[in-house]
Structures are given as C-alpha cells and as structure tokens.
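[1] Sequence unavailable; structure follows:
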C-alpha cells in the first residue's frame, strides 16, 4: 500500500515513496521494492529498502526541474504510481560532485568544487553534545567535505561502545556489548601505532548480517542531510580495518548485501561520496576480487554515479580501474607527501585527493603529530601541483575527544590557513594545472572554463628565497606576494616581461601573477 | 745539490728535503725528483715537485716515530741522502683520516673522526681581511673539515678576480685578467641558478698548463697547514665546473699533469682529502674514462692513501669503484635529503658524507635558502641514520661575502646547534649504526671499539610526539631527552623493560638510552 510520497520535489533533492508491506520473516532479505522515475529529460530506476516495522521506502534524486512519473513495484506484487512535480534546486544545492577537466571536480550544475576536506572518522557516533560541537565547527570551519566511517571505529582513544550497531545482535550471541568494558581493555594486548587487540570472536555468531539495524542507518542519513545543508560532502567510508566487532570480516556475500542496503538507502542524497575502504591494504584477509565485487554492487545500485574511491595505507590500489572516479591517497613516504601529486596524476590520470597527509597534533604516533605549518604547507604543495589536501587533527586531550575521530572542537593552527587557501582557490576559480618550474618551486596555471583569474601561482614551500625573477616576454601581470602562513596578499603592482619580485625571506611564500595582457 | 732538510721530524708531520737543480727549459715538465724513505717499520717512495727558481722539494709524512733514512734522486743525475730522526706526533695530530668500521672514519692512530664539515669553496682566495675572519670563525666554530676548491670559482657573487692564478699566463694570451671587469659582467648573459656566461676562449692559448704557478700552490699549502693546526681537515676539490678561465677544460693530459704536481706537493700534509670533483656530472664534456684516469694519478702519486671521493650534482658517480674511499653526496631530492642515508650506505657500502644538503640562508636559489632548523634537522637525520651532514651558509649581504664561497663570518642559527651535535657525537664515541625503527623515527645504536656510551639514540625530526614507549625486556637504561634545537639534555633517570618517556610536544627532539644493565 502506497502510504505516502513527496508531494513537491526539488531538483537534486530527495523524492521518497513510502509503502507498507510484509513484516514476516526477514524482509531485508526476502522482499524488494523498486521505482521507475520518468520525466521529459530522464528515465531512471532506483531500488528501495526496508526501514523496519513493515515500512518500505524508495528514494530518488531528480536531476531536472520537471514533472516525474514514479512507478513503484514490490516483491509482494504491489504496484503504485505517483506524479511528482519537481521545482528548481534549493539554494546552494548544486547536485552531486563529478570529475571535471580530468584532474578536478565540479558539481552536477557545472559549478567548480574545490575539495577542502577534513577527516572525523566516527564523529556521528559520539554523544549528542560532541556531535553538536562538531556541527558548530563544520558550520564555521573551512571544510566542504568530511570523510567518515559507516562502521564504528576501534583504536586507541576509540574504546567506548557506540549507542547502537549497524546490525542486529543474535539472541544467542556469545558476546554482549557490555563485554567491552574498561576491565577488558585494561587487559587487552597492545599492538603497534596505537592498536589494541580485541575481537567478538566469530562475527557470524554475534551479528545477523542479513538484518541491518534501520535506526543506525537512519541516524547516518540525518547527518548526511545536515551536512548537505551546510554545503559539505559526506565522503562515506564503507569499510575500514580498525574493528573489534567483526564488521571488517563479514565475508563478500554479506558485504554485497550490506552495500546494496546502504546504497539503496543513501544514494538519493546529492552529497554522498562512496569511499570503498579506508586503508584497504590492511585488510590482509580480503582479495582484490572481493573489493571488485563490492565495487560492482555500488556501481549497479547507484543510479547517480556518485564519486567512488578506495584509500591505501602503504600500497596503492590500481586507481586506473574504471569504477574509481578519483584517487583517494595516503602519503606513502614520511618526507615526500603532497610532493608526489604530479606523479600520481600522471600515473592514474584522475583527480588526486590526498585524504591522509598526517594530522596536525602531538600524538605519540607519527601519523598524528605534525605542526600547523607543515599541514598548511602540504595543502599548498598539493594545490600548486594540481591536487587537493585533506585536513585532520590529533591533539591528545584529557577528555580524549580528538577531531580526527570524534569531531568536536578544532584546536590547531592550520584550519584558519586552510580557510585562507580556500578563499584563494575560489578567488582564482578555474582548475590549476602544473607548469614547468625550477626544482625548488611549484607552479600552476589556471585553466578551465570557470577561471576567474588568468593567473600563474608559484609556491616556495619551506624555502626562503629573498627574491625571484620571472621571464614572460610580451606579457604583463598584476603581481601579488602571498604569505600563506600569515594569510596576507600584498599587491606589488604591474610587472612586464622580465621582472624580479622581492620576497620577505620567510618560508611558506607564494607569488600570484594575474595576466593583464599578452599570452 | 741538497740545500737543506728537516733536521728533526715528527710522526704525521712533514719531512722536507730541498735540492737545487736546473732552471732551464720547463723544469715542471722536464725534470723530476724522487725520495725513498726507510725506517724500521716502513719503506715508502714519494715524488717531489719543482717550486720555481731552481728549487726542488721532496716531502714525506712519516707514520712512525723512528729514524728515517731518506735517499733522493733527481732527473739531472743527482743523488743525496739524509738521516732524519722522527719523534712523536705533535699534540693533536692524529694522522690522516681513514675509513673505519665500513661506514665511518678514524684517524691513523685509531682516534675516531666524526666529520662535521662546512663548505667555503674559495675562502682561501679572498682578500686578507676576509681570510683572517675565516680563520677566526674556523677557530671558534664547530667544524673539523672544510671543503674548498683548488681553482677559483666563477658564479654569481663570485665575479672578482683572484690575486693570482694556478698556471702561468702565456705571453701571447688573447685574454688578460683585466678583461674580466665590471663592464664585461654587466653585459654577460645569465643562465639558470645564478650562472653567468663567461669564457677566456681557448684556454690553451691563455694558460701554459705545463707551468703551474708555484706561489699559487704555496699559498694553498699554507692554508692546509694552518687548518691542520686547528684540527681541521682540508677536503680539497681538485676540479669544479663553475669556471670562466678554462681550468675545467684543460684536457686529460694536462689534468694528469696538474694532479701529479698537486699530489706531489700536498700529499705529505696529514689533513688533506682528495675530492676529485664538485658536481662531476655538470662537466658534460668529460667522460668517465677521464675521471678514472685522473683518479689513477691521485692513487699512484699519494703514498699515504688519503681519502678520495667524487661529488655529484644530479647523477651519482659509481661510488663502488675501488679508488673511492667514501661517498661525498649531494642530496638529489628537494624533500628526501639526509633521509636517503641508509639507502646510500646499502648501495655503496662506504661512509656517507652528505657534502651538500642545501645551505642555511635566503638566496633566491633553492640550493641556498633553508632555515637553521632545517639544516640542523638534516644533520641529525644523517647522524641517526649512520652518516654525516655538511654545513654551508648563504645569506645575501651587501658586502657579498657569503660563507659558502668566501668564508668570513657566520650569521646563521645552525652552527651553534651543529656544535651541540658534535658534542653529543664525541660524548657518545663509537660509531652509530641504524637499527630497526618505527616509520616515523630514526634509531641508531652505538657500535665499535671506541664507544664511550653503550647507547641507543632515537630522533623524531619535525614530528612532535607527546611521548614514546620503549620495550627492552631485561634491560635498564639511563634515559635522556635531548632538545636538538634548544640544545638541552634532560636526564629522566633510570628506566627498565617497558617504559614511556614524556616529550615536550615540540619538533626536533631525540631520546638517548644509555645501557646500565642487560643486553
């Protein structure tokens, strides 16, 4: 029975049709519901999902402000139809992010998207007051992408149990949530880099992997929506290895099952990205075939082709695979981090998002104790090599609320500088492409249909040249000296042909040459 | 005629026998003089050299405090003999530096030598007051090795003519020293990285390469002696490509001739090292065969087997060659500099001296504008990876006296920190060998017969861990926290087995564990 449906939709918004259906048996496994959405400009199919208590939902994201005829069919023989008028997109909703100009991004409506991301692995599973603090930080912070996990995270500083779980616990489970208490963790052996050994045992005996917990996913979709309203992309990590519950070990059939549920449920939100895994290479028990099988489910179930990636720890996935839209990279060298951007661009021919370049902080672990200066430098190195950095923060605090995992409040020096960089990015518009440069500098030129400035951007990193000479015969530029750390842009005036720009003998300087004439 | 000879010598000092001989023709080319030196423990032959004005000198460095019978023969038929008693070495003279424990150095008497070098390419060719300032700096500075060129240097900031030249100018030379004046350089084209095009034309028409200028070499040997008295090794660069006079283009026969003269003249000084070339790969007109031919001359003429190396710009020489005693390395990546030390140790199996890791300063060129922090970090990275850094300084100044080329006075922040490191090196004694470590730290253990501390040294570079945990079951250490930038050593006390050391959340920290018991 068609219980309800969206009466008036918006382009890039979510249309939803709600059906009442069977509750018997395991509806997650035994039933299905499907929609066919037809407007003047598009025809798409989308599978729905069971939301518990006899409630089935089919969601759809229209790409046009047109009238949609929506036909729903269900496994129990029901059919229903609704006609839904779809108006213009809500202000600020530019649709899903796509790859643009090979190495860059734009929203579906063509507006360029410059990823300025941060990582908060399980911010959404934290207590209410921490979650609200995260929203405050998101609202005022510079970030337009948050990378976070579907599953809870197990690690040092991550020993509290989440309020709820993604799957239903079997009645005869040998493990109960209360088994993971302080006493248990006090005795658990420690491994390297902050690992703590813990396992529920055979996860098949604990969880019914064919019975997702709808409330768990409903909570995440609320967060996806709220992030969307803040103009923030939800870069969803579908699997990760930091696990004590067995969600990283459910076997490929259950993985496929989970992904189908998840994608059916979330794909209609314009701001989701599918990050297949965090550090896939730490799942030593999973084969490439398993990842590829999971990727096929995501591709098949998602009618909107949201961005798809898979993130490494030490070894790269083959990012040339067709299902991978962009490279989600972790630096694999302690010293050459964002410096490898051009190499990866050349190797993979896709946008390079440096989703982990270490975190600003002071943790005892090498992945989490770089300075704000170094984080900022890595962002600039990435941008001036044609890629994009990603922030994270790891200060050890008494309350053990650490941005990188829990969200909350930002304490570091880099977010203000990253905000400044984002402002420069948006001021420039267009897409930055690496240019031949001296060995001790980076240089990008602004290309693409959306360039607001016809400019070249030079960056000198930790070096401290007292001046730089330029040679552009027959060309005239507005010259600016940018202090990326002190966040100033100093106008030097117009320069032509061969000219020298004086620099303040400090690190982290950039020079922007905006073309006035010549080419 | 034997005019004079050293009446009483010292071990590792210079014995000299002076003969009067023919002045006619070209004695540099047409005459020779040779000595045979016999004591109870050694028999060695050494060739002498013509010092102009009918004066021939044969020099010898005795390795034993014994009586030496010295027989001299000359090409004009003369023979002479002298018996010279040789006493103990002068205080502080430990003899030539040798390779020790594969990757390290010791003086001939077994005292370990930890190279803490600096580069002042042509400090010895500067005006007297600058040269005396250099001596003041050498006397108080931390350096025990100075790398400098035999030939004058041509480059930006290096446009003044030297007082004299290494070879005699032909009477009919088309070029005269006064041709290189301010007007000439104002018009000379500039190349990349500070290069300025200039050439005397065909150097064979300008210089008589078979007629060295004895006064030029006599001045250098005075500097070698004075450096020796300060306990400083003279790392002599025999060829370099930054040249406007043609000394880099004299052809292999004249190169062999020059090297024979030079080695005959300087080899008896205990503190010389032979650096075959600075940036050999920038001599694009020279073949490997030419370098090998020159190396053979140095090997043949030097009875004492002084250290021999050849330094790269972008491409490595094959440092496994038998004549090369140690690797004199320039970093070939802007970001991984001293970080490659273990790779080079493994590749070449020889001591690694990082003779160029960029210079502290603010020049417009990427090779010369790193911070004092970064210079110090590179020294520590090298030491805690089983190698050795080398300093240089390049602040642009109104007087254009820049340490890296001219010597003079030091202005940077790193020398004080390098002095602190040298103190730590000497306190530790022994030789540091890399140990397995976490990805974000370096660790070396003190090995070798001269270790004063049975210690492990951990270094954290630019990372800022708030603490580190150690696991050494059954062992007890005196633990110290070293702030390599603020130059403090803080005693933590004794720790055993598994223990955690609190660190101050600042970059550039090290931890030293000195074993008290266990192994």
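    Yep, that arrived. Keep in mind that what you see is a predicted model, and the values were worked out from it rather than measured.
[2] tally of neighbours for the closest residue to chain B within the stretch 251-400 of chain A?
    Chain B sits closest to residue A:366 of the stretch 251-400 of chain A, with a gap of 2.1 Å, by CB to the nearest CB. Glycine gets a C-beta too; all of them are placed from N, C-alpha and C. Residues lying near residue A:366 (other CB atoms under 10 Å in any protein chain shown) number 18.
[3] Also the one 10 residues further on?
    Counted with other CB under 10 Å, the neighbours of residue A:376 add up to 27.
[4] What sits closest to it if chain neighbours are left out?
    residue A:417 (4.2 Å; CB to CB, 6 or more residues apart in numbering or on different chains).
[5] hmm, back to that, so the residue of the stretch 251-400 of chain A closest to chain B makes contact with residue A:334?
    Yes: judged on CB atoms under 8 Å, residue A:366 makes contact with residue A:334 at a distance of 6.9 Å.
[6] Identify the contacts common to these two.
    Common contacts of residue A:366 and residue A:334, defined by CB atoms under 8 Å, 6 or more residues apart in numbering or on different chains, comprise B:439, B:440.
[7] what sits against the residue of the stretch 251-400 of chain A closest to chain B?
    A:193, A:334, A:358, B:438, B:439, B:440, B:441, B:463, B:465.
[8] try it again with 10 Å
    A:193, A:334, A:358, B:438, B:439, B:440, B:441, B:460, B:461, B:463, B:465 (CB atoms under 10 Å, 6 or more residues apart in numbering or on different chains).
[9] I'd assumed residue A:429 was in contact with residue A:423.
    No: if you go by CB atoms under 10 Å, residue A:423 and residue A:429 don't touch, sitting 11.9 Å apart.
[10] okay, those two: which has more neighbours?
    Between residue A:423 and residue A:429, counting by other CB under 10 Å, residue A:429 is the more crowded of the two (16 against 13).
[11] Can you check the pLDDT for that one?
    As predicted, residue A:429 sits at a pLDDT of 96.
[12] so where do the helices sit in chain A?
    A:27-30, A:128-140, A:182-187, A:203-206, A:214-229, A:252-266, A:288-301, A:341-348, A:372-383, A:403-406, A:414-428 (DSSP state H).
[13] touching chain B at all, the biggest strand by length in chain A?
    Counting residues, the longest strand found in chain A (DSSP state E) is strand A:467-483. Yes: Strand A:467-483 reaches chain B (CB under 10 Å from any CB of the partner chain) through A:467, A:468, A:469.
[14] quick check, distance from that strand to the centre of its chain.
    Counting by CA atoms, centre = their mean, to the nearest Å, strand A:467-483 is centred 36 Å from the centre of its parent chain.
[15] Next, the buried residues of that strand.
    By 16 or more other CB atoms under 10 Å in any protein chain shown, the buried positions in strand A:467-483 come out as A:468, A:470, A:472, A:475, A:476, A:477, A:478, A:479, A:480, A:481, A:482, A:483.
[16] same question, stretch A:280-288
    Buried residues in stretch A:280-288 (16+ other CB under 10 Å): A:280, A:281, A:282, A:283, A:286.
[17] Between the residues of strand A:467-483 next to chain B, which sits nearest residue A:88?
    Here the nearest of the residues of strand A:467-483 next to chain B to residue A:88, counting by CB to CB, is residue A:468; it sits at 47.6 Å.
[18] roughly how far apart are residue A:8 and chain B?
    From residue A:8 over to chain B the distance is 54 Å, taken as CB to the nearest CB, to the nearest Å.
[19] residues touching that residue, list them.
    Taking CB under 10 Å, 6+ apart as the criterion, residue A:8 is in contact with A:15, A:84, A:85, A:86, A:87.
[20] From residue B:109, how far out is the fourth one?
    Going back to what we said before, that points to residue A:86. 90 Å (CB to CB, to the nearest Å).
[21] For those two, indicate the residue with more neighbours.
    Taking neighbours as other CB under 10 Å, residue A:86 and residue B:109 compare with residue A:86 leading, 24 against 14.
[22] Would you agree the more buried one is in contact with residue A:10?
    Yes: between residue A:86 and residue A:10 there is a contact under CB under 10 Å: 6.5 Å.
[23] Common neighbours of these two, please.
    Counting by CB under 10 Å, 6+ apart, the residues touching both residue A:86 and residue A:10 are A:61, A:62, A:65.
[24] Leaving out sequence neighbours, find the closest residue to residue A:492.
    Using CB to CB, 6+ apart, the nearest residue to residue A:492 is residue A:479, at 4.0 Å.
[25] coming back round to it: so which of the contacts of residue A:8 are in strands?
    A:15, A:84, A:85, A:86, A:87.
[26] What's the local residue count around the first one?
    Other residues within reach of residue A:15, judged by other CB under 10 Å, total 24.
[27] quick one, what contacts it?
    Here residue A:15 is in contact with A:5-9, A:35, A:37, A:46, A:58-62, A:68, A:70, A:82, A:84, A:86, A:268 (CB under 10 Å, 6+ apart).
[28] Tell me what residue A:442 is bridged to.
    residue A:459 (DSSP bridges).
[29] From residue A:106, how far off is residue A:450?
    From residue A:450 to residue A:106 the distance is 8 Å (CB to CB).
[30] Which residues are in contact with each of those two?
    Contacts common to residue A:450 and residue A:106, judged by CB under 10 Å, 6+ apart, are A:100, A:112, A:431.
[31] neighbours of the second one, just the number please.
    Burial of residue A:112, expressed as a neighbour count using other CB under 10 Å, amounts to 23.
[32] How about the contacts made by it?
    A:94, A:97, A:100-101, A:104-106, A:425-426, A:428-431, A:448-452 are the contacts of residue A:112 under CB under 10 Å, 6+ apart.
[33] Ramachandran coordinates for residue A:197?
    Backbone geometry at residue A:197, expressed as degrees, to the nearest 10, gives phi -80, psi 130.
[34] For the closest residue to it other than its chain neighbours, grab phi and psi.
    Take residue A:197 and drop its neighbours on the chain: the residue closest to it by CB to CB, 6+ apart is residue A:189, 4.6 Å away. In terms of degrees, to the nearest 10, the main-chain angles of residue A:189 are phi -70, psi 150.
[35] Residue A:324 - how many residues pack around it?
    With other CB under 10 Å as criterion, residue A:324 counts 19.
[36] circling back to that earlier point, which one among the ones in strands among the contacts of residue A:8 gets closest to chain B?
    The closest of the ones in strands among the contacts of residue A:8 to chain B turns out to be residue A:15 (CB to the nearest CB; 48.7 Å).
[37] Which per-residue confidence value corresponds to the closest one?
    Reading off the model, residue A:15 has pLDDT 98.
[38] cool, and residue A:201?
    Note on residue A:201: pLDDT of 94.
[39] Return the residues in contact with it.
    Contacts of residue A:201 by CB under 10 Å, 6+ apart are A:173, A:174, A:175, A:179, A:246.
[40] The first one contacts residue A:245, doesn't it?
    No: counting by CB under 10 Å, no contact exists between residue A:173 and residue A:245, whose distance comes to 11.1 Å.
[41] Buried among the contacts of residue A:15? Make that a ChimeraX selection.
    Only the buried entries of the contacts of residue A:15 go into this ChimeraX selection, using 16+ other CB under 10 Å:
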select /A:5,6,9,35,37,46,58,59,60,61,62,68,70,82,84,86,268
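[42] Tell me which of the contacts of residue A:15 fall in strands.
    Filtering the contacts of residue A:15 for strands - DSSP E - leaves A:5, A:9, A:35, A:37, A:46, A:58-60, A:68, A:70, A:82, A:84, A:86.
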